[in-house]
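>>> what's the 3D shape of this:
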Amino acid sequence: MPNQRVLDQSCFLAKTVEKLLACMMLPPNLNALRMFDAAARHLNFRLASEELNLTQGAVAQQVRNLEESLRVKLFSRLARGLSLTDAGATYHVEVRKALDIIDIATADLHPAPRAVTLSLPPSLAAKWLVPRLTAFTDACPDITLRTHASAEVSDLRRDGIDLAIRQGPIPKDPGMVIRRLADLNLIAVASPAYLAPHSRPQHLPDFSAHKLIEDSHAHWRALMSANSLPNPASLLSFNQTALAIDAATNGQGITIAPKLLVQEALETGLLETVWTPPASFEAFHILHPKSRHPARDQVIDWLLQNVS
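Model prediction:
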């Protein structure tokens, strides 16, 4: 019969090994890391679940399981949403880098896509991009450009958008690259036909005697309010900048618009610059996911060259 002492030692050794194995940390599940990444970017389990097409409960549970396996609290649960702990923020930076490496390596297994979906505000599409599409085709003949007219700051990954142009401030997203495309450069413009019978305004108060046109950005009302002036007596409003520009081109009054959108009308004489408002720090921005996409990068280069 085996010596009792030997048996006791064997049992002790087996229990010790069992404890050591229990303490060993297994590599995190890749799906759990993707759910953690989405939650860290949105700071909201519901938005993360919508991006991943999963239930909110599934995402929350996977994140809890990840915290338990790492023995680290990654999020602070708040009444409305989440906040990353210091450890969670540090971990997310490295997880995002790792996921980018995986995504790039996976993309490299297949030919690079030569189609690019570009989302941009409807007025920018109508007044700037469409007149230049022939030039784009000449410069990038092997790229199929699909346009999506929208001004909403949506989830580009979820909506299948490769590249977006947006006006105004852009929410920070560690998974996105954001670049300044062009300054807003607002100017007041009108048609020669409108200006001919009217005295040309020199200062902001002078515009009160004119027919004014504005879009959803309400530049005229904002300027009047900021300078303690009454709202214009005659104000024609549209929900799109392009419509306000068309109204001004047809002699309906004076509108304020980004110079980028009226440049061609100024060059052809359809519109004239009437006045330049105080400088705005707003701009058009390019944003896109952090991923390898040569065709998208080629479109960005073309945009930057042609805007200037």
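
>>> going forward, measure contacts between C-alpha atoms and count neighbours the same way
Will do.

>>> Does residue 116 touch residue 148 like I think?
No: Residue 116 sits out of contact with residue 148 when judged by CA atoms under 8 Å, with a separation of 10.6 Å.

>>> Among the two, which residue is more densely surrounded?
Using other CA atoms under 10 Å, the more surrounded residue of residue 116 and residue 148 is residue 116, with 22 against 16.

>>> hey, what's that one bridged with?
Taking DSSP bridges as the rule, residue 116 bridges to residue 145.

>>> What distance do you get for it to residue 101?
Distance, residue 116 to residue 101, using CA to CA, to the nearest Å: 21 Å.

>>> can you count the residues close to residue 262?
Count around residue 262 with other CA under 10 Å applied: 24.

>>> next one: residue 63
Using other CA under 10 Å, residue 63 is surrounded by 24 other residues.

>>> Distance-wise, check residue 60 relative to residue 223.
Taking CA to CA, one finds residue 60 at 46 Å from residue 223.

>>> More neighbours: which of those two?
residue 60 (20 against 15).

>>> these two touch, right, residue 119 and residue 145?
No: under the criterion of CA under 8 Å, residue 119 makes no contact with residue 145, lying 10.4 Å away.

>>> okay, the two: which has more neighbours?
residue 119 (26 against 19).

>>> quick one, domains of this protein?
Residue ranges for the domains of the chain, per automatic domain parsing: 4-107, 115-184+283-307, 186-275.

>>> any chance of those domains in CSV, with mean pLDDT too?
What follows is the domains of the chain, written out as CSV (pLDDT from 0 to 100):
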stretch, mean pLDDT
domain 4-107, 84
domain 115-184+283-307, 92
domain 186-275, 96
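
>>> Check for me that residue 180 belongs to a strand.
Yes: applying DSSP: H, G, I helix; E, B strand; the rest coil, one finds residue 180 inside a strand.

>>> ok, residue 109 to residue 95 distance?
The separation that residue 109 has from residue 95, given CA to CA, amounts to 22 Å.

>>> For these two, work out which one has more neighbours and name it.
Using other CA under 10 Å as the criterion, residue 109 and residue 95 rank with residue 95 on top: 16 against 8.

>>> Tell me who's in contact with that one.
33, 37 (CA atoms under 8 Å, 6 or more residues apart in numbering).

>>> make it 10 Å
Applying CA atoms under 10 Å, 6 or more residues apart in numbering to residue 95 gives the contacts 33-34, 36-37, 89, 101.
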